[in-house]
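In: what follows is a protein structure lacking sequence information:
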Ligand SMILES: [Zn+2]
Ligand SMILES: [Zn+2]
Ligand SMILES: [Zn+2]
Ligand SMILES: [Zn+2]
Ligand SMILES: [Zn+2]
Ligand SMILES: [Zn+2]
């Protein structure tokens, strides 16, 4: 049976609450699913290099490909992108956020380091791999292969990332599956269970090291929205404005974390950031960018 039809059938039976039939069907599907699935998954690349950011849409199924067709990039945009030094793989992203970049005016665009949870102040000119050396030297980036599993090809970009992977995929940090999670990982020594075939495919990509790759700093991720936020960090695209002060943030999560601070009593008179304790406020004031920019 084709994976798409399987999925529809399972969903239909679940909706109609035909649990018995569903159970029988799923029992039949489990051995078949493993062999069937391997057809739609591309084999892992020979090189340890993961799949690049944009290639994701070409490997998608026909059904979803129609919904996220690539925009056609105008000639002028391509010319500017080339001039600024943006790697081709990320052009679609920059075109989508072209209004936030304003390349036409700002030719000397800088890329920001995302290290140290976004607190690293390092910036550089934009070109392919422009942050790689800095990430290796200052944020211990590198290539760290998964050590826990002989068949897992995952290559972490940092030690921290490797630690998270091992805990999440091979260790106690793994979430206990619910009864909806009936599709099991095809890697024998991994006990991950997915609720949907699509989630399982995303999970397999990690073991196969078929991830989205940042062409500037070699950061990798499994999730397009995560890579989008990563790019927003690199180029400081802050679209979420705080309604209390005039600071902006790259996404809602960051804004919400910030808003919580407004309810505390210790806020900086220079930038209106708030802190939980007077000590934290004092530490901040020493290095408050807004205060320093007024002084000098
Ligand atoms: Zn840095
Ligand atoms: Zn692994
Ligand atoms: Zn797995
Ligand atoms: Zn990056
Ligand atoms: Zn605010
Ligand atoms: Zn401040």
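Out: Right, received. Where do you want to start? Everything numeric in this text was worked out from a predicted model, so none of it was measured. Ligands and ions are numbered 1, 2, ... in the order given.

In: domain-wise, how is the protein divided?
Out: Following automatic domain parsing, the chain resolves into domains at 1-40, 42-59+73-237, 245-295.

In: so which of the ones you listed comes closest to ligand 6?
Out: With Cβ to the ion as the measure, domain 245-295 is the member of the domains of the chain nearest ligand 6 (3.1 Å). From N, CA and C alone the C-beta is placed, and that goes for glycine too.

In: deepest-packed of the domains of the chain, please.
Out: Ranked by mean neighbour count, the domains of the chain are led by domain 42-59+73-237 with a mean of 16 (mean count of other Cβ atoms under 10 Å).

In: worst mean pLDDT among the domains of the chain?
Out: For the domains of the chain, mean pLDDT drops lowest on domain 1-40, to a mean of 48.

In: before we move on, the earlier item: redo the domains of the chain as TSV? Include distance to ligand 5.
Out: Listed next are those as TSV, based on distance: least, Cβ to the ion, whole Å:
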stretch	distance to ligand 5
domain 1-40	43
domain 42-59+73-237	17
domain 245-295	4
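
In: quick one, which of those domains gets closest to ligand 4.
Out: domain 42-59+73-237 (3.2 Å).

In: tell me the pLDDT at whichever residue of the chain sits closest to ligand 5?
Out: When distances are taken as Cβ to the ion, the chain reaches nearest to ligand 5 at residue 242, 3.1 Å away. Residue 242 is assigned 88 on the pLDDT scale.

In: ok, now which ones touch it?
Out: Neighbouring residues of residue 242 by Cβ atoms under 8 Å, 6 or more residues apart in numbering: 248-249, 255, 258-259, 262.

In: for ligand 2, which of the domains of the chain is the nearest?
Out: domain 42-59+73-237 (3.2 Å).

In: interface residues of the protein facing ligand 1?
Out: 113, 115, 120, 122, 138 (Cβ under 5 Å from the ion).

In: surely the third one is within a helix?
Out: To tie it back to what came earlier, the one meant is residue 120. No. Read with DSSP: H, G, I helix; E, B strand; the rest coil, residue 120 is coil and lies in no helix.

In: on that earlier part again, can you redo the residues of the chain next to ligand 1 as CSV with distance to ligand 6?
Out: CSV is the format used below for those (distance: Cβ to the ion, whole Å):
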residue, distance to ligand 6
113, 21
115, 22
120, 18
122, 21
138, 24
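
In: from those residues, which is closest to residue 223?
Out: Residue 223 lies nearest to residue 115 out of the residues of the chain next to ligand 1, by Cβ to Cβ, at 19.5 Å.

In: correct me, but the closest one touches residue 139?
Out: Yes. Residue 115 lies in contact with residue 139 (Cβ atoms under 8 Å); the separation is 3.8 Å.
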